[in-house]
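S.K.: okay, here's the prediction I keep looking at, along with the sequence it came from:
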Amino acid sequence: MKKKYVVSSLIIGCALLVGFQVAQDLGLHLLQSPGAVVKDYVEPDYGLGSGHVDSLKPFPKIKKGERTPFDLWNYAGKGKSSFMDPNLPMEWNEWLAFHNEQKPQLMKDIRTYMDSRYDFNGETYDEQYMSGGRKAIMKGPIARLPKGISSYEQLAKKTPEEIKQKDLFPFKPLAHPLASTAHMVFPDSWNLAHPEHLRIDLDHDYPDEYLPEFPPPMFLTTHKELGDVTKGKEITLSNYYEIFNGLLTPEQMEGLKELLRPTPTTWFNQTTHRVTPEPSAGVACFSCHVNGHTNAAFELSPDSRPHMARLRVGTPSMRGNYNLLQLSSKRSIRSMDHFAEIEEYFDGDPGMMQHIGPRGHQKSVANRMGDFNAMLDFPPAPKLGPMGNLIPEKASKQELYGEKLFNGKAQCVKCHYGPAFVDDYMHDLKVERFYKGRPEGPIKTFPLRGIKDSPPYLHDDRLPTLDDTVEFFNLVLELDLTKEEKEALTAYMMCL
């Protein structure tokens, strides 16, 4: 047996040498081999069923600025190119006229669509406010139940298969309402203060009551005694020196300045490739992460192509990033200076930077931006003790019951623990078990400290209130919580 093996090896070796010599003689050594191919390959669906690409509709061929379906989770496929074109599909005057005509009907349809999904009734919790003390916390759930279902408790009794088959799931993904252009969409409160960011094509799809307070307070790990260091002001390039001189080191001041400095982006810039009536200096990190928190501007995640396959992402808070090991919803960026360096103002396309103008950050500058980011603290939580547990003398019976459920039956603690109430992992909730559509895959866990200040919830803003969030996880994790238990969980999360 050993002798046969040696002979076979010699024959193969000789054949390889002869083949190599022939390739050299023909000049084929300069070519790359095509690689192996499986004959008669059959694509399995990997158990995805209706979520597999073969069961979904192909993305429509749509030009920049043209309307896109609101149910983009029903589509899949490959795009024509990974790269963006720095030119508009028409002349600037035509582009402006096109959107002046399209926007009124588009916004009317967006509001009709959002009203079909949510009951924006304006109901608030009594004596419950965001950390700044000015904006009430909205009461839910307000996601509309499907016809024939009278309560969330009734819906939770059904199996995932039945909910999917009968199209009963009230928490389907929320798409960017104009994905062909996409980019940052600012809320009304921001646009009133910064009209240079008002878009010609699109406005925010959420009522302002259901968004974070503006401007939000800022808390620093280095100056807890000051409370809100901004004293109710939005930090800008024109006032940051006055507010922070004498509180920060010169290095930290430089990092803050860079977080406030506007730079060109894919659609907010000085060229005609823009969505504002007039040329713009661009946007800054704090245009969305205002005062180191969030104003609920939304974008598309830059981690995928085609554009209509990119997930809508709301702006997460920068508070408490010093305690996080994982940033960005799907790409697992591992440091704040790295995140500052690659902030996706150009939708993940370096070619657009060359055409419009790169940010040009050096590593040392990104480090300083990360250093200031690392000082942004969570808001005070007076009812929490030093180990993150409720102080019994300060908490109500309902809040204490919610804490018990959080750490037990509701299973929240499996992903939300420690000082930031987060595990720093990515999880695939496999929500496609409940609806027919493209699976979204793993998404990072977001921290729950200070969560009452950051509506709407989930990565794509599909959950308007904390109550909607509790209902979502009760369904998706099949927890079988009672109405009383769900209300207790919401009460507890408002303490965090």
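M.R.: It's in. Keep in mind the model is a prediction, meaning the values are calculated, not measured.
S.K.: next, count neighbours for K483.
M.R.: K483 has 10 neighbours, counted by other C-beta atoms under 10 Å. Where you see a C-beta, it was placed from the backbone N, CA and C, and this is true even at glycine.
S.K.: now do it, the pLDDT please.
M.R.: Per-residue confidence (pLDDT) for K483: 97.
S.K.: what's the answer for S50, then?
M.R.: 89.
S.K.: same check, this time on L28
M.R.: You'll see L28 listed with a pLDDT of 58.
S.K.: the chain should start at 39 in everything you say after this.
M.R.: Okay, using 39 as the starting number, the last item reads as L66.
S.K.: distance of I371 from F336?
M.R.: Using C-beta to C-beta, to the nearest Å, one obtains 19 Å as the distance from I371 to F336.
S.K.: these two: who's more crowded?
M.R.: Set I371 next to F336 and count neighbours by other C-beta under 10 Å: F336 wins out with 24 against 15.
S.K.: check contacts around that one.
M.R.: 214, 222-223, 242, 350-353, 498-499 (C-beta atoms under 8 Å, 6 or more residues apart in numbering).
S.K.: look up how far M356 lies from it.
M.R.: 16 Å.
S.K.: same question for N411.
M.R.: In this view, N411 and M356 are 6 Å apart by C-beta to C-beta.
S.K.: these two: which has the busier surroundings?
M.R.: Shown here are N411 and M356; by other C-beta under 10 Å, M356 has more neighbours (26 against 23).
S.K.: so which residues of the stretch 339-488 of the chain form helices?
M.R.: With DSSP state H, counting those that start in this stretch as the criterion, the stretch 339-488 of the chain has helices at 374-380, 388-394, 401-411, 435-444.
S.K.: pull out the buried residues from the longest one.
M.R.: The one in question is helix 401-411. 403-411 (16 or more other C-beta atoms under 10 Å).
S.K.: am I right that V514 is in contact with L467?
M.R.: Yes - V514 sits in contact with L467 when judged by C-beta atoms under 8 Å, with a separation of 5.5 Å.
S.K.: by mean pLDDT, flag the weakest helix or strand of this protein.
M.R.: Using mean pLDDT, DSSP states H and E, helix 40-64 stands out as the lowest-scoring helix or strand of the chain, at a mean of 55.
S.K.: tell me the helix or strand right after that one.
M.R.: Proceeding N to C from helix 40-64, the next assigned helix or strand is strand 95-96, under DSSP states H and E.
S.K.: which strands and helices sit next to that next one?
M.R.: Applying 3 or more C-beta pairs under 8 Å, 6 or more residues apart in numbering; DSSP states H and E, we find strand 95-96 packed against strand 113-114.
S.K.: note down every partner strand of the strand it packs on and its orientation.
M.R.: Strand 113-114 has its sheet partners listed here by DSSP bridges as strand 95-96 (parallel).
S.K.: how far off centre is the strand it pairs with?
M.R.: 24 Å (C-alpha atoms, centre = their mean, to the nearest Å).
S.K.: then stretch 358-374?
M.R.: The chain centroid and the centroid of stretch 358-374 are separated by 12 Å, computed with C-alpha atoms, centre = their mean.
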